[in-house]
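Novice: All I have is the shape, not the residue letters:
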């Protein structure tokens with residue numbers, strides 16, 4: 001499936017950030033019909049998925065299913081030879097980290113009440129502070145109680161967290177700025193000296209479900225997705241830092 005250079009290129013782009021078809025056309029410099037065809041093949045193989053944009057329903061964001069890619073590549077290795085074993089790259093946080101040397105990442109969504117708060121807390125917890133994570137929103141709202149509950153069940157306390165406006169970090173330099181909301185991506189300002197940006201197109205759990213159980217389940221789904229996304233971006237940031 002990914003021996004085709006176009007599909008490999010698309011998967012590489014989508015592994016870094018969720019993208020629309022138009023963006024992928026520009027990035028790989030290929031016609032839209034060809035890009036759409038290969039995206040369809042990757043979706044059929046389960047290596048790529050998509051969701052409708054919350055900012056513009058005419059757009060669709062595509063993303064790489066990195067866990068499925070890992071499983072498929074591991075299967076290929078063992079099929080090639082019994083002695084070939086592939087594993088996910090999981091750099092361990094350094095034993096000693098100075099404040100000035102830590103990678104800095106900023107997570108943004110609309111309300112800074114759930115998605116970005118959860119992402120900030122997860123990356124801080126999983127790296128023991130080796131990554132300096134912050135979060136903010138374009139229209140801050142109080143931290144959602146379901147977000148507090150879901151994170152508490154994962155052993156992380158965000159009950160004392162406060163929502164912040166993205167203006168607070170307008171003059172702060174980050175190694176990575178990640179938008180988790182399609183609407184915020186459209187209005188995200190330029191941050192000084194940003195190493196790179198990425199977009200994770202994730203539904204707002206607070207707007208899903210009609211019963212308490214359904215609404216809570218939406219937060220669980222978001223937390224589950226954030227966990228695997230955080231794992232990959234953490235590995236990338238720590239590996240980049242180790243190479244400096």
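Specialist: Great, that's in hand. None of these values were measured; they are calculated from a predicted model. Numbering: from 1, shown residues only.
Novice: Any idea how many residues pack against residue 1?
Specialist: If you count neighbours by other C-beta atoms under 10 Å, residue 1 ends up with 14. (Each C-beta comes from the backbone N, C-alpha and C, glycine too.)
Novice: ok, now residue 203?
Specialist: Number of residues near residue 203 (other C-beta under 10 Å) recorded here: 18.
Novice: Check residue 82 too.
Specialist: For residue 82, using other C-beta under 10 Å, the count is 8.
Novice: same thing with the one 3 residues further on?
Specialist: Here the count is done by other C-beta under 10 Å, and residue 85 has 9 residues near it.
Novice: Give me the distance between it and residue 54.
Specialist: Noted for residue 85: a distance of 40 Å to residue 54, by C-beta to C-beta, to the nearest Å.
Novice: again with residue 227
Specialist: 21 Å.
Novice: okay, these two: which has more neighbours?
Specialist: More crowded of residue 227 and residue 54, by other C-beta under 10 Å: residue 54, with 19 against 14.
Novice: how about the more buried one, phi and psi?
Specialist: phi -80, psi -20 (degrees, to the nearest 10).
Novice: OK, contacts around it?
Specialist: Residue 54 sits next to 181, 182, 183, 201, 203, 204 when contact means C-beta atoms under 8 Å, 6 or more residues apart in numbering.
Novice: ok, now residue 9?
Specialist: Counted by C-beta under 8 Å, 6+ apart, residue 9 has contacts residue 28.
Novice: where does it land on pLDDT?
Specialist: We have a pLDDT of 96 for residue 9.
Novice: which stretch of helix or strand covers it?
Specialist: helix 5-16 (DSSP states H and E).
Novice: got a markdown table for the contacts of residue 54, with pLDDT too?
Specialist: Below are the contacts of residue 54 laid out as a markdown table (pLDDT from 0 to 100):
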| residue | pLDDT |
| --- | --- |
| 181 | 93 |
| 182 | 94 |
| 183 | 92 |
| 201 | 96 |
| 203 | 91 |
| 204 | 93 |
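Novice: Spell out the residue ranges of the helices in the chain.
Specialist: 5-16, 21-28, 32-44, 66-80, 115-126, 145-153, 182-187, 212-242 (DSSP state H).
Novice: Take these and lay them out in CSV including distance to residue 136.
Specialist: As requested, these are arranged in CSV below (distance: least, C-beta to C-beta, whole Å):
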stretch, distance to residue 136
helix 5-16, 22
helix 21-28, 24
helix 32-44, 32
helix 66-80, 26
helix 115-126, 7
helix 145-153, 15
helix 182-187, 9
helix 212-242, 16
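Novice: Identify the residues contacting the residue nearest to residue 220 when sequence neighbours are not counted.
Specialist: Closest residue to residue 220 apart from its sequence neighbours, by C-beta to C-beta, 6 or more residues apart in numbering: residue 150 at 5.9 Å. Neighbour list for residue 150: 118, 216, 219, 220, 222, 223 [criterion: C-beta under 8 Å, 6+ apart].
Novice: Could you turn the buried ones of the residues you listed into a PyMOL selection?
Specialist: Here is the PyMOL selection string for the buried members of the contacts of residue 150, based on 16 or more other C-beta atoms under 10 Å:
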select buried, resi 118+219+222+223
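Novice: from the contacts of residue 150, which single one is nearest residue 2?
Specialist: residue 222 (28.1 Å; C-beta to C-beta).
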